[in-house]
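In: next one to model:
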Amino acid sequence: MSFFFIPFLVIGLLVLLAAFFTVKQQSAAIVERFGKFQSIRQSGLHLKIPLVDRISGRLSLKIQQLDVLIETKTLDDVFVRLKVSVQFKVIKTKVYDAFYKLDYPHDQITSYVFDVVRAEVPKMKLDDVFVKKDDIAIAVKSELNQAMMDYGFDIIKTLVTDIDPDPQVKEAMNRINASEREKIAAQFEGDAARILIVEKAKAEAESKRLQGQGIADQRREIARGLEESVEVLNKVGINSQEASALIVVTQHYDTLQSIGQETNSNLILLPNSPQAGSNMLNDMVASFTASNQIGEAMKNVPKKAVPKK
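Out: Model prediction:
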């Protein structure tokens, strides 16, 4: 007799288990009774009447994203392809509208995106499309919010994520951008070259100024030394002409000696004017005379007594 009730117990257990169901987090379940809407169940463990109630559908309450590709033409007759990303979700308090009023929300959203983009982009030139892509996204979001709110959907954000012009136009734009960059690079190189030239000229001018100052100081010292030499020679009875001749000949021989010591050259350049030989001879005679006078003057100078140790 007990075996007769086992199938009924199994069936009863299965029916009891079928009465329980769970709804995942961030989702909602629609329960119908005999094909008519009964209730909306949120996340958690729930109970329904077996064979009477059934779960007709489940909706996710998470944020979803839909990418829509639209091809249209700009005001300057350039075909362009845009990618618009729409982020949306089911409003928790309007699950009934989202489930019963709209079967294919993705198709509905795509239709509105196409409609708005093809109404806005043909008013703009290609450059304006790149600059005002945020304005296009705002227009799409505004239109979608007004339309989809009645169906229980909230539009979170819309983004124009890609703008792809016709390949020929893109190539032309790349050439224009490349030429602009080359122009700017050439301008910078020209400015740098001008700066180098100016700085080099300033450095050369400063160098020449310092060089001239050094030469002037050298000549001033030479003149001071010659003046002192003439004064010393005048004190021993040598007139200015003879002193000058002695100094010139002395410097001449000093120069010849310096050339012989410091260089490997055995070539000496002498003046080639007709009077050069006689002038040199006269200077030498005058210098020898002055040397003799200096020697005689030195002999007449009394010697100092050397102290005895």
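In: need the contact list for residue 125.
Out: By C-beta atoms under 8 Å, 6 or more residues apart in numbering, residue 125 lies in contact with 74, 75, 76. The C-beta positions use only the backbone N, C-alpha and C, and glycine is treated the same way.
In: highest neighbour count among those?
Out: When neighbours are taken as other C-beta atoms under 10 Å, the top entry among these is residue 74 (19 neighbours).
In: wasn't residue 148 part of a strand?
Out: No - read with DSSP: H, G, I helix; E, B strand; the rest coil, residue 148 is helix and lies in no strand.
In: right, and it touches residue 108 too?
Out: Yes - with contact defined as C-beta atoms under 8 Å, residue 148 reaches residue 108; the gap is 7.2 Å.
In: could you chop this structure up by domain?
Out: 9-60, 64-165 (automatic domain parsing).
In: pick the most buried one from those domains.
Out: Each of those was scored by mean neighbour count; the highest is domain 64-165, a mean of 17, by mean count of other C-beta atoms under 10 Å.
In: how long is it end to end?
Out: Using C-alpha to C-alpha, to the nearest Å, the end-to-end distance of domain 64-165 comes to 28 Å.
In: all numbers from here: first residue = 21
Out: I'll keep to 21 as the first residue from here, and by that count the last item is domain 84-185.
In: average pLDDT across the helix or strand that contains residue 128?
Out: With elements taken from DSSP states H and E, the one containing residue 128 is helix 125-140. Helix 125-140 shows a mean pLDDT of 91.
In: ok, and what's touching the strand or helix carrying residue 181?
Out: Per DSSP H and E: residue 181 is located in strand 173-185. If you take C-beta under 8 Å, 6+ apart as the criterion, strand 173-185 is touched by 83, 87, 98-111, 118, 122, 125, 129, 133, 146, 149-150, 153-154, 156-158, 160-161, 164-165, 168, 190, 193.
In: run me through the strand neighbours of it, direction for each.
Out: Using DSSP bridges, strand 173-185 pairs in its sheet with strand 99-110 (antiparallel).
In: following the partner strand, which helix or strand comes up?
Out: With elements assigned by DSSP H and E, the helix or strand that comes after strand 99-110 is helix 115-120.
In: against which helices or strands is that following helix packed?
Out: Packing partners of helix 115-120 (3 or more C-beta pairs under 8 Å, 6 or more residues apart in numbering; DSSP states H and E): strand 47-53, strand 56-61, strand 73-80.
In: poorly predicted segments of the protein, please.
Out: Across the chain, the ranges flagged by pLDDT under 70 are 21-25, 28, 190, 193-194, 197, 239, 242-243, 246-329.
In: how about a cut-off of 50?
Out: Where the chain drops to pLDDT under 50, the residues are 21, 324-326, 328-329.
In: could you pull out the helices for it?
Out: When secondary structure is read from DSSP state H, the chain shows helices at 22-38, 115-120, 125-140, 146-151, 153-168, 187-255, 260-282, 296-320.
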